[in-house]
Each structure stands twice: as C-alpha cells, then as structure tokens.
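Undergrad: Would you be able to build a 3D model of this:
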Amino acid sequence: MKKITTPIIPVQAYLVKNDNAKGIDYKAICLFAATGFFWEKDDYWKNQNVLAPASFHQLNDTGKLTSSEPYFNWHYQPDHNRKFNDVLEKFTHLFETIIAEQIGNQQAILPISGGLDSRSQAVALKHLGKEVTSYSYSFSGGYSESGIAKRIAKACNFKFQEFFIPKGYLWDVIEDLAEINGCYSEFTHPRQMAVLPEFNKMKGVFSLGHWGDVLFDKGASENYTEEDLVPLVVKKVVKKGGLEFANALWNSWGLEGDFQDYLESRIQELLNQIDIDHIGAKMRAFKSQFWAPRWTSVNLSIFEKAHPISVPYYDNRMCEFICKVPEKYLADRRLQIAYIQKRNPAVAKITWEDQRPFNLNNYQYNKIPYNLPFKVSRKLKAGVNKIQQKKYIQRNWELQFLGKDNEKQLQTYLFENDLKNFIPEKVTKNFYKKFQEKDSVNYSHPVSMLLTLSVWNKKFNHEG
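TA: Just a heads-up that it's a prediction; the model follows:
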C-alpha cells in the first residue's frame with residue numbers, strides 16, 4: 001500500500017489509475033479548451049484521475065486509489081472582534097516563519113514584479129537577512145516591466161537581473177515544455193521557458209509569489225448573492241473565445257447535450273462542495289480548491305526544472321490562517337500593504353504597478369482629478385507611438401503568433417501535425433482564419449489551445 005497526503009493547494013497534480021473507464025475524456029478537454037485548465041479530478045484520459053487536495057489517500061500496489069479522507073475543508077470562521085493590528089502581527093510572524101523555513105540556509109531566487117506578492121516576499125527576505133538573487137522579465141519591443149522591480153531590488157540591496165523575452169522563443173522550446181508540463185497548460189503563458197538556461201546558472205531556492213493576490217484580496221463584491229456565483233465563475237474562468245471554441249469541439253465530437261449547460265452544472269457541483277455562506281470567502285475557496293492546483297500550479301514545474309521551489313502563499317498554515325481573517329482585513333490588499341509599510345517604508349514608497357504612478361502610501365489618489373496628468377501623458381505617448389507606427393508588445397501570444405516566421409511555425413503545428421486526426425480540420429481552419437482576419441485578441445486563446453492540443457496529440461495520444 002502507498003500513502004499520499006496532498007497539500008491544501010498542491011504544487012503538482014497526483015495522477016492515479018481509474019480502471020472503470022477507458023478512452024479520451026472529450027468533455028474534460030472541452031472544459032480545458034474553454035478555460036485553459038483541467039477541472040477538479042479531470043485528465044485527458046478517462047482512466048486517469050487527479051487526487052483531491054487536502055486529503056489522505058491510500059493506493060494499492062497497482063497504483064489504484066482505494067480510499068481518500070479529507071483533513072481540511074475551506075471555511076470562513078473569522079473573529080470579528082480581532083483588531084487589525086493583531087491580525088497584522090499574526091500574519092507578519094507566520095509569513096516570515098514560513099519563508100525562513102522554506103529557504104533555510106540557502107540563497108533565495110526571487111522573481112519581482114510591480115505588484116504586492118513578490119514585494120511582500122522581498123521585504124520578508126530582507127528582514128530575515130537572506131542572500132537573494134532577484135530578476136524580472138520584460139518583452140522585447142514591449143513596456144519595460146522591470147523598472148519597478150529594479151527599484152525594489154535596489155531598496156533591499158538584492159542582486160538583480162533583467163531578462164528580455166525574445167520574439168518567437170516558443171518554437172525552440174515547445175517540445176521540452178510539453179515534457180515538463182504535460183500539455184496541461186497552453187504554451188504561450190510560461191515565459192520563464194525563454195530564460196530557463198539563465199535559471200540554471202543561478203544558485204538557491206526559488207521563492208515564488210503565486211496565489212497571494214487571491215488569498216489577500218476580497219473574494220467577490222459584497223453585492224453578489226449565491227445566485228450570482230455560477231455566472232461570476234463563468235466570467236472569471238472562461239477565456240476570450242473560449243466558450244465558442246469549446247462549443248465547436250463539443251459539437252464536432254458529437255457529445256450529448258450542450259457544452260454551456262455542462263460547464264454551468266460542473267461549476268454548481270463544485271460550489272456545492274464548499275460549505276461557506278459568505279460570498280467573498282466562498283469564491284476565494286472555490287478558486288483555491290479548484291483553480292490554483294490545476295491552473296497556477298501547472299507551470300511551477302518549469303521553475304522546478306532548474307532549482308527547488310518554495311511557494312509561501314501555498315503553505316497549509318497560510319490557508320488555515322486565511323479562513324480565520326475577517327474579509328474586511330483581506331479586501332483591497334490591506335494586510336499586505338500594511339505589512340510592507342511596517343517592515344520596509346522605503347519599498348512602500350515605490351510605484352505600485354496596478355496603481356501607476358502612485359505607491360502604497362498614496363494609491364487612494366488614483367482617481368480624477370489626481371491621476372489626470374498621468375492619464376493625459378499616457379494617451380499622448382500612445383498617440384505618438386501610433387503616428388510613428390510603433391506597436392508595443394503587450395501580450396505573451398503576440399511574441400509567438402505574429403510575424404511571418406511565427407506564422408510558418410504555427411501553421412506547421414496546426415495543419416501538418418496530424419491534428420486533423422483528433423480535431424476536425426474545419427474547426428482548426430475556422431478559428432485560425434478568425435484569428436488572422438477577424439479579431440486576433442479574441443481568438444488568440446482558441447489558437448493557443450489548438451497548438452497545445454496539437455502537441456499533446458503528437459506526443460501523448462496513443463489512440464491517434
């Protein structure tokens with residue numbers, strides 16, 4: 001017998017056998033096509049399932065699951081009499097304890113963005129006296145995302161590297177990426193693949209800030225009711241063009257019923273598993289239980305290919321802590337902001353990317369008339385760029401799909417890779433044509449999913 005304990009938010013998916021079903025799970029793939037991630041226990045294959053998070057599992061000698069017992073359920077039991085400063089003190093101690101334990105005596109490798117999750121980690125690592133190598137990405141030909149990160153690193157006295165993600169890098173690494181993430185995520189998002197050789201030159205443990213923005217913000221507006229949750233989840237998880245693409249696959253494969261009905265029924269089924277009355281807390285729990293393990297965690301394996309990883313916001317103790325914090329202290333990133341202001345006032349004064357040009361001390365002024373000069377300046381700059389026909393790269397897929405060389409590579413995977421044996425060629429041609437001629441932004445996701453499914457079909461589909 002083999003025993004497996006899955007974390008509350010797993011870093012990886014634990015696949016087990018299901019001998020009661022065989023063949024490709026087309027319904028699961030339709031959900032994947034619409035949202036970019038597999039749902040709950042779903043897999044490409046009916047005879048493989050993923051172990052539930054936060055549970056004790058027993059497997060027999062053949063790898064088949066024999067029993068599961070949850071040891072944690074997401075809940076919302078806050079003490080509304082607790083003062084904010086008491087909660088802040090508790091968070092400070094817990095956060096820094098987790099990071100100290102995860103890094104130990106090793107050097108930390110810290111990706112820094114202009115947001116709050118990695119900034120909070122930077123502050124903690126600085127306070128703990130850890131040696132840190134930090135870095136940030138920018139798109140070649142795009143907005144420099146590293147400017148704010150560089151200032152944070154300097155304020156903390158960290159070593160810093162700026163990486164530029166080159167155009168068309170995907171085609172040199174796509175086969176390796178498929179092996180690393182198993183085609184459980186579309187390929188245009190994990191830009192860390194472009195700098196994996198640089199990661200290999202570093203030393204230490206990655207300290208990754210994934211999921212902090214979900215745990216430390218309001219789960220949903222106070223105006224939502226229980227009846228609003230299914231439409232809200234649909235709005236949150238379905239990508240642009242995703243519903244249309246999934247419908248096309250569903251119909252081309254002759255699946256019974258209607259895809260949107262299936263999508264909404266699956267969402268309702270998962271929401272019913274969460275025994276929380278508070279709408280915001282329930283939405284946060286839904287994301288953490290069903291979204292984080294199958295979406296956010298998938299590409300952590302790329303970092304792990306170079307060095308061990310640590311994810312402080314994934315720690316079981318952090319999840320348990322969140323369940324006891326009043327929503328008003330989590331909303332609007334209040335705890336993280338107060339932590340940074342308290343521990344490192346210099347870092348708090350650095351621009352917050354989402355609130356440019358304001359920082360953590362004055363972001364409340366990001367409204368008219370206070371932000372008018374910045375808005376005017378940005379519009380003028382955009383106008384100049386348009387006149388000069390200068391186009392900034394803003395999205396991952398633009399680096400991979402636009403331009404003659406990229407188009408040639410993409411077309412090879414879509415039309416010369418036996419994808420038609422899995423997905424009818426008329427579906428592929430239809431969505432690629434819409435991407436090229438109608439709306440590249442709206443149809444970039446379907447094309448990216450077609451690319452992912454093409455590689456999976458070539459490498460892993462033993463029925464093809």
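
Undergrad: C-alpha from now on. contacts and neighbour counts both.
TA: Fine.

Undergrad: Quote the end-to-end distance of stretch 331-351.
TA: End-to-end span of stretch 331-351 (Cα to Cα, to the nearest Å): 20 Å.

Undergrad: same question, stretch 34-52
TA: Length of stretch 34-52, first residue to last, Cα to Cα: 22 Å.

Undergrad: what do you get for stretch 33-43?
TA: End-to-end span of stretch 33-43 (Cα to Cα): 13 Å.

Undergrad: residues making contact with it?
TA: Contacts to stretch 33-43, defined as Cα atoms under 8 Å, 6 or more residues apart in numbering, come from residues 25, 28-29, 31-32, 48-52, 184-186, 237-239, 241-246, 290-291, 294-295, 446, 449.

Undergrad: list the buried ones in it?
TA: 33-43 (16 or more other Cα atoms under 10 Å).

Undergrad: Likewise for stretch 428-443?
TA: Buried residues in stretch 428-443, defined by neighbour count with 16+ other Cα under 10 Å: 428, 431-432, 434-435, 440, 443.

Undergrad: and if you look at stretch 414-423?
TA: Those buried within stretch 414-423 under the rule 16+ other Cα under 10 Å are 414, 418-420, 423.

Undergrad: Tell me which of these fall in strands.
TA: Cross-referencing these against strands under DSSP state E gives no overlap.

Undergrad: JSON lines please, covering the residues you listed and showing distance to residue 20 and pLDDT.
TA: JSON lines is the format used below for the buried residues of stretch 414-423 (distance: Cα to Cα, whole Å; pLDDT from 0 to 100):
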{"residue": "414", "distance to residue 20": "33", "pLDDT": "96"}
{"residue": "418", "distance to residue 20": "29", "pLDDT": "90"}
{"residue": "419", "distance to residue 20": "28", "pLDDT": "94"}
{"residue": "420", "distance to residue 20": "29", "pLDDT": "94"}
{"residue": "423", "distance to residue 20": "26", "pLDDT": "96"}
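
Undergrad: returning to that earlier point: please convert the buried members of the contacts of stretch 33-43 into ChimeraX selection syntax.
TA: Here is the ChimeraX command that selects the buried residues among the contacts of stretch 33-43 (16+ other Cα under 10 Å):
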select :25,28,29,31,32,48,49,50,51,52,184,185,186,238,239,241,242,243,244,245,246,290,291,294,295,446,449
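
Undergrad: From the contacts of stretch 33-43, which land in helices?
TA: 28-29, 31-32, 237, 242-246, 446, 449 (DSSP state H).

Undergrad: Can you tell me which one of the residues you listed sits lowest on pLDDT?
TA: Here the lowest pLDDT out of the ones in helices among the contacts of stretch 33-43 sits on residue 237, with 94.

Undergrad: Give the closest residue to that one in space, chain neighbours not counted.
TA: Take residue 237 and drop its neighbours on the chain: the residue closest to it by Cα to Cα, 6 or more residues apart in numbering is residue 35, 5.6 Å away.

Undergrad: re earlier: what is the nearest of the buried residues of stretch 33-43 to residue 56?
TA: Lowest distance from residue 56 to those (Cα to Cα) belongs to residue 41, with 15.3 Å.

Undergrad: how would you label the closest one: helix, strand or coil?
TA: Following DSSP: H, G, I helix; E, B strand; the rest coil, the label given to residue 41 is coil.

Undergrad: With distance to residue 264 added, can I get the ones in helices among the contacts of stretch 33-43 in a markdown table?
TA: Shown next, in a markdown table, are the ones in helices among the contacts of stretch 33-43 (distance: Cα to Cα, whole Å):
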| residue | distance to residue 264 |
| --- | --- |
| 28 | 13 |
| 29 | 15 |
| 31 | 11 |
| 32 | 14 |
| 237 | 12 |
| 242 | 14 |
| 243 | 12 |
| 244 | 15 |
| 245 | 16 |
| 246 | 13 |
| 446 | 20 |
| 449 | 21 |
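
Undergrad: Looking at those residues, spot the one nearest residue 254.
TA: Residue 254 has its nearest neighbour among the ones in helices among the contacts of stretch 33-43 in residue 246, at 12.3 Å by Cα to Cα.

Undergrad: Which residues are in contact with that closest one?
TA: 30-31, 33-34, 259.

Undergrad: Could you check how far it is from residue 33?
TA: Distance, residue 246 to residue 33, by Cα to Cα: 6 Å.

Undergrad: Over to residue 306?
TA: For residue 306, the distance to residue 33 - Cα to Cα - is 29 Å.

Undergrad: what do you get for residue 123?
TA: Here residue 123 is placed at a distance of 38 Å from residue 33 (Cα to Cα).
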